[in-house]
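Novice: Curious how this folds, go ahead:
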Amino acid sequence: MAWVQAAKTSSWSRPQLDVGSVVDRRYRLKREIARGGAGAVFEAEHLYTSRPVAIKLLLAEQAETSESRQRLLLEARALSVARHPGIVLGLDAGETEDGTPYLVMELLEGRTLEGILAVRRRIGVADAVYIGMQLCDALAAAHERGILHRDIKPSNVFISRSESGREVTKIFDFGIARMPQQSQKITQQGAVLGTPEYMAPEQLLAQDDIDAALRHLRSRHQFVRMLGGNGAIRRAISGRVLLKSIDAARAFAECAQPAGPGSAGSRDRASVGP
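Specialist: Residues are numbered from 1 along each chain as shown. Below is the predicted model:
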């Protein structure tokens, strides 16, 4: 779910709880921060400590689906495992009285990279490198713990400030992340997860065995977007390019298949370069 600042419209579905409600007898919802297809994020306050937090709740219709519920709880586990200064801090998780899961996170002040690019169009080289290095550091830490985010894009990258005033890049929204030793598949086999324009070719093929190193292709897409603006990323992800990427990934996957008995000819062909 992208934390997109947006004006409220009456046509949107309401979460089961709204501003003024108390979640799990501990968190009072103060204002809506953002909304996506599956849930909404609120600024809230802990009733006993007065600590300001961000809390994610599923929309009413999504709270009834097993996949949405499992993904929110998976995100809570991912944030717990992937603790890093460059990843939003998960503080708590649980269920409301009616059984709706919720996720509590640190409350960040700042804007998403998407929001910044909407105003500035593009970012200077020095700033882009500074943001990119922090992004790669956080992704590397997650990968070392076996966590693949699978949806890195500007709307899921937050630029905040530390207490000392230094700009800090934070990754959030681990809703479709893949966890190590995940015992149960949440998504149907062959389903494509993520945002196509920021996907590695192998992910477009919905392959399960994607190496973590390929996730850094998404980081390179962020650099293209920061340095070249919206037009650059649109040109880079034209339909023709996406199709060629899929074809290349499919050809590589076929060549990488283990050779069976009597397939020496296939091995020779696969090992010969252009």
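Novice: Please, where are all the helices along the stretch 1-150 of the chain?
Specialist: Under the criterion DSSP state H, counting those that start in this stretch, the stretch 1-150 of the chain contains helices at 66-81, 113-120, 125-144.
Novice: Asp92: which of those helices is closest?
Specialist: helix 66-81 (8.3 Å; CB to CB). For every residue, glycine as well, the C-beta is placed using N, CA and C.
Novice: hmm, who's touching the closest one?
Specialist: Identification of contacts with helix 66-81 by CB atoms under 8 Å, 6 or more residues apart in numbering yields 38-39, 56, 58, 62-63, 87-90, 93, 101-103, 105, 145, 147, 173-177, 179, 182, 184, 186-187.
Novice: tell me, how many neighbours does His46 end up with?
Specialist: 16 (other CB atoms under 10 Å).
Novice: thought it was touching Arg25?
Specialist: No: His46 lies out of contact with Arg25 (CB atoms under 8 Å); the separation is 11.0 Å.
Novice: hmm, back to that, how about the helices of the stretch 1-150 of the chain in TSV, adding mean pLDDT and mean neighbour count?
Specialist: Below are those laid out as TSV (pLDDT from 0 to 100; neighbours: other CB atoms under 10 Å):
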stretch	mean pLDDT	mean neighbour count
helix 66-81	90	18
helix 113-120	91	16
helix 125-144	91	17
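Novice: Using CSV, lay out the ones you listed together with distance to Asp18.
Specialist: Compiled in CSV, the helices of the stretch 1-150 of the chain are given as follows (distance: least, CB to CB, whole Å):
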stretch, distance to Asp18
helix 66-81, 18
helix 113-120, 24
helix 125-144, 32
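Novice: All the strands of the stretch 51-200 of the chain, residue numbers only.
Specialist: 52-58, 90-95, 101-106, 110-112, 157-161, 167-171 (DSSP state E, counting those that start in this stretch).
Novice: what packs against the third one?
Specialist: Contact analysis of strand 101-106 by 3 or more CB pairs under 8 Å, 6 or more residues apart in numbering; DSSP states H and E lists strand 52-58, helix 66-81, strand 90-95 as its packing neighbours.
Novice: Can you lay out these as TSV showing distance to Ala141?
Specialist: Below are the helices and strands packed on strand 101-106 laid out as TSV (distance: least, CB to CB, whole Å):
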stretch	distance to Ala141
strand 52-58	21
helix 66-81	10
strand 90-95	14
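Novice: The ones you listed: which one's closest to Ala138?
Specialist: Once the helices and strands packed on strand 101-106 are compared by CB to CB, helix 66-81 is nearest, at 12.0 Å.
Novice: which non-adjacent residue is nearest Ser68?
Specialist: Among residues not flanking Ser68 along the chain, Gln62 sits closest, at 4.1 Å (CB to CB, 6 or more residues apart in numbering).
Novice: ok, now how distant is the one you found from Thr112?
Specialist: 22 Å (CB to CB, to the nearest Å).
Novice: What is the burial count for Arg121?
Specialist: Counted with other CB under 10 Å, Arg121 comes out at 11.
Novice: what's the pLDDT at it?
Specialist: With respect to pLDDT, Arg121 scores 80.
Novice: Can you pull the phi/psi pair for it?
Specialist: Main-chain torsions, Arg121, degrees, to the nearest 10: phi 70, psi -50.
Novice: which non-adjacent residue is nearest Phe174?
Specialist: Leaving aside its sequence neighbours, Phe174 sits nearest to Ala78 (CB to CB, 6+ apart; 4.1 Å).
Novice: actually Ala76, not the one I wrote
Specialist: Of all residues not flanking Ala76 in the chain, Ala93 sits nearest, at 3.7 Å (CB to CB, 6+ apart).
Novice: Now do the one you found: how many residues are near it, please.
Specialist: Neighbours around Ala93, by other CB under 10 Å: 20.
Novice: In this structure it contacts Leu103, no?
Specialist: Yes: if you go by CB under 8 Å, Ala93 and Leu103 touch, sitting 5.1 Å apart.
Novice: And Ala38, how close does it get to Ala82?
Specialist: Going from Ala38 to Ala82 by CB to CB gives 20 Å.
Novice: Looking at the two, which one has more neighbours?
Specialist: Neighbour count, other CB under 10 Å: between Ala38 and Ala82, Ala82 has more, with 25 against 19.
Novice: hmm, back to that, just the buried ones from the contacts of helix 66-81?
Specialist: Buried by 16 or more other CB atoms under 10 Å: 38-39, 56, 58, 62-63, 87-90, 93, 101-103, 105, 147, 173-177, 179, 186, out of these.
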